[in-house]
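>>> next come a sequence and a model predicted from it.
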Protein chains: 2
Amino acid sequence: MNQGDQQRFLKMADALCRHQKARLTAKRKRILTILLQAGTPLSAYQISDRYREAHEQQMSIMSVYRMLNFLIDQHLAHRLETTNQYLPCAHIDAGHTSDTAHGTPQFLICDKCKRVDESGLRTDILEQLDNELRKTGFTMDQQQLEIHGTCQRCAKRA
Amino acid sequence: MNQGDQQRFLKMADALCRHQKARLTAKRKRILTILLQAGTPLSAYQISDRYREAHEQQMSIMSVYRMLNFLIDQHLAHRLETTNQYLPCAHIDAGHTSDTAHGTPQFLICDKCKRVDESGLRTDILEQLDNELRKTGFTMDQQQLEIHGTCQRCAKRA
DNA sequence: ACTACTAATGTTACGTTATATCATATCTAT
DNA sequence: ATAGATATGATATAACGTAACATTAGTAGT
């Protein structure tokens, strides 16, 4: 993510947290910045390492997890269940400050370049999937789908 | 899973492994049996514990992982990526011995009772999902979807 | 500004999940 | 019977994640 986008993201994050009366502390913001700069999902331990490198300051794994959980609670970051990795939320800009926005995201994960596209899925496709499942009696409670595959760029290169 | 189904499953597994020139050893079969008896997915460590309890014999976690990987390679078991758990393949009976059968499975995971329904998903729904994604340039390589929610039984109870 | 309360971070310990590596045992084919 | 391949044993360690309690830093009420 480029410098400008990053700055905008952080501004939005600030506003959002103020609105929620949550404290986006300097350290939390640094963790978020590391996620923004990465471009691909990171493990908690990678984040811890990058923090130490970038800020020449201790950052225990315990603290990393706590800060990640804060960011996730604030919908500023997501956890990928299939890979145990973390990434910034892609939707911070779009009307995100209204409480109700921001449904459960889907992730298209490129197993080649590791980049993740958050929610390229059309709503009606999801609804159809849900409807189909309901016929069998199953209710999708958590719609966070993680779909692994190959992105366009990587497909072309091959 | 009841006794009869278990016996049939194990017979099929034997036949399948013979066909693949893979060795379904006594220990591997016991691991598979533990999965069959469980009814819900188990972690590798739970399997290790149950093995020790049932057979009063040492079973190191290293061995459990090796045997699970064998079973997975033979399509006799699956790993749930979202929960780090293992369960027996549900499709061993249906024409499973032909090499080509057995596409990637989907899992409907009930977060209440923990039971898993393997591939209640209709093929056309999956195809539609895949088609939709292809339009965006993304190719689903691995179609193993793990969908979390509530099964019919648990929904009724509530 | 002082105090009391709450929230954030530090620190240590531990639990869970998984793999690497090398040694030993067991099967299979000749 | 023996050699080679496969399976298992044993030990160590990496990777992922949480519990519990101490300390520090914000926040609100006076």
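Ah, there it is. Residues are numbered from 1 along each chain as shown, chains lettered A, B, ... in the order given.

>>> please make it C-alpha for all contacts and neighbour counts, starting now.
Fine.

>>> what's the neighbour count on A:Arg122?
Using other C-alpha atoms under 10 Å in any protein chain shown, A:Arg122 is surrounded by 12 other residues.

>>> list phi and psi for it.
phi -70, psi 140 (degrees, to the nearest 10).

>>> that one: what's it in contact with?
The contact partners of A:Arg122, by C-alpha atoms under 8 Å, 6 or more residues apart in numbering or on different chains, come to B:Glu132.

>>> likewise for A:Ile147?
By C-alpha under 8 Å, 6+ apart, the neighbours of A:Ile147 are A:Gln106, A:Phe107, A:Leu108, A:Ile109, B:Met140, B:Gln142, B:Gln143, B:Gln144, B:Leu145.

>>> try 6 Å this time
A:Ile147 makes contact with A:Leu108, A:Ile109, according to C-alpha atoms under 6 Å, 6 or more residues apart in numbering or on different chains.

>>> confirm that it sits in a strand.
Yes - according to DSSP: H, G, I helix; E, B strand; the rest coil, A:Ile147 belongs to a strand.

>>> would you mind measuring from it to A:His78?
Using C-alpha to C-alpha, to the nearest Å, A:Ile147 is found at 15 Å from A:His78.

>>> repeat for A:Gln6
Relative to A:His78, and taking C-alpha to C-alpha, A:Gln6 is found at 17 Å.

>>> these two: which is more packed in?
The residue with more neighbours, out of A:Gln6 and A:His78, is A:His78; 21 against 15, by other C-alpha under 10 Å.

>>> wait, a strand at that one?
Yes - assessed by three-state DSSP, A:His78 belongs to a strand.

>>> I figured it hits A:Asn84, correct?
No - if you go by C-alpha atoms under 6 Å, A:His78 and A:Asn84 don't touch, sitting 10.4 Å apart.

>>> can you pull out the low-pLDDT segments for chain A?
A:93-102, A:120 (pLDDT under 70).

>>> same thing but 90
For chain A, the stretches with pLDDT under 90 are A:1-2, A:91-105, A:119-128, A:141-143, A:158.

>>> what is the subsequent helix or strand relative to the single longest helix found in it?
Counting residues, the longest helix in chain A under DSSP state H turns out to be helix A:3-19. Counting by DSSP states H and E, the next helix or strand C-terminal to helix A:3-19 is helix A:26-38.

>>> tell me what angle that next one forms with helix A:3-19.
Using axes from the mean of the first three to the mean of the last three C-alpha atoms, to 10 degrees, the direction of helix A:26-38 lies 140 degrees away from that of helix A:3-19.

>>> residues contacting A:Thr104?
A:Gln143, A:Gln144.

>>> look up how far chain B lies from it.
12 Å (C-alpha to the nearest C-alpha, to the nearest Å).

>>> CA atoms only for the longest helix of chain A - export them in CSV, please.
Output of helix A:3-19 as CSV, limited to C-alpha atoms (Å, rounded to 0.1, in the frame of the first residue of the first chain):
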residue,chain,number,x,y,z
GLN,A,3,2.3,6.2,1.5
GLY,A,4,-0.8,8.3,0.7
ASP,A,5,-3.3,5.4,1.1
GLN,A,6,-1.6,4.5,4.3
GLN,A,7,-2.0,8.0,5.7
ARG,A,8,-5.6,8.0,4.8
PHE,A,9,-6.1,4.6,6.3
LEU,A,10,-4.6,5.7,9.6
LYS,A,11,-6.6,8.9,9.6
MET,A,12,-9.8,6.9,9.2
ALA,A,13,-8.6,4.5,11.9
ASP,A,14,-8.1,7.4,14.3
ALA,A,15,-11.5,8.8,13.6
LEU,A,16,-13.2,5.4,13.9
CYS,A,17,-11.5,4.7,17.3
ARG,A,18,-12.4,8.1,18.6
HIS,A,19,-16.0,7.5,17.6
